[in-house]
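Engineer: Please work out how this folds:
(2 chains)
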Amino acid sequence: MSAEPTSPAPVPNDFIRDIVAADVAAQRHAKIVTRFPPEPNGYLHIGHAKSICLNFGIAREQGGMCNLRFDDTNPAKEEIEYVDSITADVRWLIAGWADHCLGFKPKGAHPGKVTSNGQPDYYLAPVDPSGLSAEPFYASDYFDQLYEYALELIRRGQAYVCDLNAEDTEKYRGAPDKPGQDSPFRHRSVAENLDLFQRMKAGEFPDGARSLRSKIDMTSPNMWLRDPLLYRIRHIPHYHAGDKWCIYPLYDYAHCLSDYLEGVSHSLCSLEFVPHRALYDWVLENLGLPRPLPHQYEFAKLVPTYTLLSKRNILRLVQEKVVAGWDDPRLPTISGLRRRGIPASAIRKFVTSVGVTTFNSVTDIAVFEHAVREELNQSAARRLAVLRPVRLVLTNIPAGEIVACSATNNPQEENPTTRPLALTREVFIEADDFAEVPPPKYFRLKPGGEVRLKYACIIKCDELVKDAADTITEIRCTAQLDTRHGQPNADKKVKGTIHWVSATQCIDAVVRLYDRLFTVPEPGAAEDFLQVVNPKSLEVVTAKLESSLGIAQPGERYQFERLGYFALDPKDSAPGQPVFNRTITLRDTWAK
RNA sequence: UGCCUGGUGGUGUAAUGGCAGCACAGGCGACUUUGACUCGCCUAGUCAUGGUUCGAAUCCAUGCCGGGCAGCCA
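Structural biologist: Residues are numbered from 1 along each chain as shown, chains lettered A, B, ... in the order given. As a prediction, this is how the structure comes out:
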């Protein structure tokens, strides 16, 4: 290894970063501020990770901030449980990478009244997220300001209270290829609109009886400009705002203003919001706001093969008990991936490698798997474990004798350390590593054949012991102890090297072998995705592990040599009863 | 038969009028006390047709194909 310093990770380049760079060069904003705005109505998944890495990535590259903001304007769907899981997932995903860019606000703070360019204004700046007195941003903390802005829109003649019910509103809206018609309530006076809207807020009307609408253009070819609703009446309490409100703003109205209140410069979202951009700009521009306005830019969602991403579909998998919960290691949720042992760095590497474009793409899950293996190969400590044990007796080693061996912990390290390993008369080897009738080019153990026990010595297969059912119960071999490391015949070559575990110096563990949840690349395209669930997505075995694994801790990653990467399950493991999850197999060109 | 948006190897992505490159996947080989890692080589692409230009993936036109848009969801 050369002594030159490791080159810094290449800064990704994409069309959004180009725009940000141009805005920085033109000094259009005092500071670059992005935001990650989940609705707390479900768990985060790998698709969100793309947005998180883009938003936080831009913030850290530009010395800016990325606010975590809960887009919680629909009290019917949101819960505090999701706030907690999302916050934890975001923190985990950016830990050690962009912690310093995480924008939180002072606990309980609401946008303060300030003066910008000589005009009254509202602003809420991010603070250090590490203190106890900091919390994520909530759109629901802006309900007061949003209400004030709505009154202003009414005063400006740009919004009106509409008495049409949902069904009639839809009829008046027309269709994509058919212009809509003006609501009969479109021309109410400012005074009447003000009065009605205040009474909506006061709770005088039942759910759905009236709404506040923007006054734009019912004949616009863009459906989202046909007087979209700004507020609806919902007599239900809000998990964060309490029972103060019975009118709640809609996304298009609340989002752009939330961005503005926080001083967001670049508001990044997915492609389905392209038609909404005109509305985003309309609200901001028609309010005559004094500070530089945020702008919305859209990019394509991440769609990996062999996975299902929508909250609705994941929820169904949970409810139908196809998986054990939102954090089931087979799920693409952040909490599932974490539990499976995937490092956050691998997720970041993956989403960065797929790029950011406006092309509706499908990403081969193999790209993800490659990123995971690359990270784990670098960092995971190697250990020996046998998943499907077969007893092997080394007839020339006396019972009770221990042949001391030494194993490398991680060959990828510059100065690899070692650990002691005990070779004994009886060991376990992998059932797959012995074949009584070997296929062509089989490198492993066969009758009369030789193979190396990794970190120990070469052995020769002398005889097989079978039971009445003709099943092999024991393989009897001779150990060539002079082929151990440091011994005269250490350099002797054999074609195969297999892993093993001493039968007396080992521990038992439950090992869960996970595989893809679906059998087809695009389960979402199937008539019913439950029909294409992989029946072998989980296999549970009782394995034999080298005894040093007895002190494994959650969060540590191991490579079980020749098998794959494994991590202790943080939920189901108990003292003395470890449960390991297989994060991913090693690449296996022989199996193909 | 409306509007918006997109189309580069199998997949993803770069080239911003000037040598079509990279990654993943696939194939072959070298190395190997992990059939891993690493290394080398190979396969394979600009949706189509015209036009502008010394020169087009890039600009223009037409066509073809895909995605999105009619929640008081986000």
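Engineer: So which residues of the stretch 51-200 of chain A form strands?
Structural biologist: A:65-70, A:102-103, A:105-106, A:112-116, A:119-123, A:134-135, A:137-138, A:159-162 (DSSP state E, counting those that start in this stretch).
Engineer: Just name the most buried of those strands.
Structural biologist: strand A:65-70 (a mean of 27; mean count of other CB atoms under 10 Å). All C-beta atoms are positioned from the backbone trio N, CA, C, and that covers glycine.
Engineer: Let's test this: mean pLDDT of it, rounded?
Structural biologist: The average of the pLDDT scores along strand A:65-70 is 98.
Engineer: The strands of the stretch 51-200 of chain A into JSON lines, with extra columns for distance to RNA strand B?
Structural biologist: Below are these laid out as JSON lines (distance: least, CB to the nearest atom of the strand, whole Å):
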{"stretch": "strand A:65-70", "distance to RNA strand B": "9"}
{"stretch": "strand A:102-103", "distance to RNA strand B": "18"}
{"stretch": "strand A:105-106", "distance to RNA strand B": "18"}
{"stretch": "strand A:112-116", "distance to RNA strand B": "24"}
{"stretch": "strand A:119-123", "distance to RNA strand B": "20"}
{"stretch": "strand A:134-135", "distance to RNA strand B": "18"}
{"stretch": "strand A:137-138", "distance to RNA strand B": "11"}
{"stretch": "strand A:159-162", "distance to RNA strand B": "7"}
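Engineer: Export those strands to CSV and append columns for distance to A:Ala241.
Structural biologist: Putting those into CSV (distance: least, CB to CB, whole Å) gives the following:
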stretch, distance to A:Ala241
strand A:65-70, 11
strand A:102-103, 20
strand A:105-106, 15
strand A:112-116, 18
strand A:119-123, 17
strand A:134-135, 14
strand A:137-138, 8
strand A:159-162, 22
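Engineer: Out of those, the one nearest A:Gly550 is which?
Structural biologist: Proximity of the strands of the stretch 51-200 of chain A to A:Gly550 was assessed by CB to CB; the nearest stretch is strand A:102-103, lying at 37.0 Å.
Engineer: Could you give the separation of the closest one from the chain centroid?
Structural biologist: 18 Å (CA atoms, centre = their mean, to the nearest Å).
Engineer: For A:Pro420, pull up the helix or strand it's in.
Structural biologist: Assigned by DSSP states H and E, A:Pro420 belongs to strand A:418-423.
Engineer: going on from that strand, what's the next piece of helix or strand?
Structural biologist: strand A:426-430.
Engineer: That next one pairs with which strands, parallel or anti?
Structural biologist: Sheet pairing for strand A:426-430, assigned by DSSP bridges, gives strand A:389-394 (antiparallel), strand A:500-502 (antiparallel).
Engineer: Could you provide those strands in TSV, with additional columns for mean pLDDT?
Structural biologist: Listed next are the strands paired with strand A:426-430 as TSV, based on pLDDT from 0 to 100:
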stretch	mean pLDDT
strand A:389-394	98
strand A:500-502	98
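Engineer: most packed of these?
Structural biologist: strand A:500-502 comes out most buried of these by mean count of other CB under 10 Å, with a mean of 26.
Engineer: Give me the distance from that strand to the chain's centre.
Structural biologist: 36 Å.
Engineer: Kindly report the same for stretch A:444-460.
Structural biologist: Here stretch A:444-460 shows a centroid-to-chain-centroid distance of 42 Å under the convention CA atoms, centre = their mean.
Engineer: just checking, what packs against the strand holding A:Pro420?
Structural biologist: strand A:403-408, strand A:500-502 (3 or more CB pairs under 8 Å, 6 or more residues apart in numbering; DSSP states H and E).
Engineer: What residues sit buried inside it?
Structural biologist: Neighbour counts over strand A:418-423 (16 or more other CB atoms under 10 Å) mark A:421-423 as buried.
Engineer: cool, and stretch A:236-248?
Structural biologist: Across stretch A:236-248, burial judged by 16+ other CB under 10 Å covers A:238-241, A:245-248.
Engineer: Residues in contact with it: which ones?
Structural biologist: Stretch A:236-248 has contacts (CB atoms under 8 Å, 6 or more residues apart in numbering) with A:40, A:70, A:72-76, A:78-80, A:83, A:138, A:140-141, A:143, A:147, A:200-201, A:203, A:212, A:231-235.
Engineer: That one: how far from the chain's middle?
Structural biologist: 30 Å.
Engineer: That one spans what distance, first to last residue?
Structural biologist: End-to-end distance for stretch A:236-248: 10 Å, by CA to CA, to the nearest Å.
Engineer: sorry, back to before: nearest to A:Ala366, out of the strands of the stretch 51-200 of chain A?
Structural biologist: strand A:65-70 (29.5 Å).
Engineer: mind listing what the closest one pairs with, with the direction of each?
Structural biologist: Sheet pairing of strand A:65-70 (DSSP bridges) gives strand A:33-36 (parallel), strand A:102-103 (parallel), strand A:137-138 (parallel).
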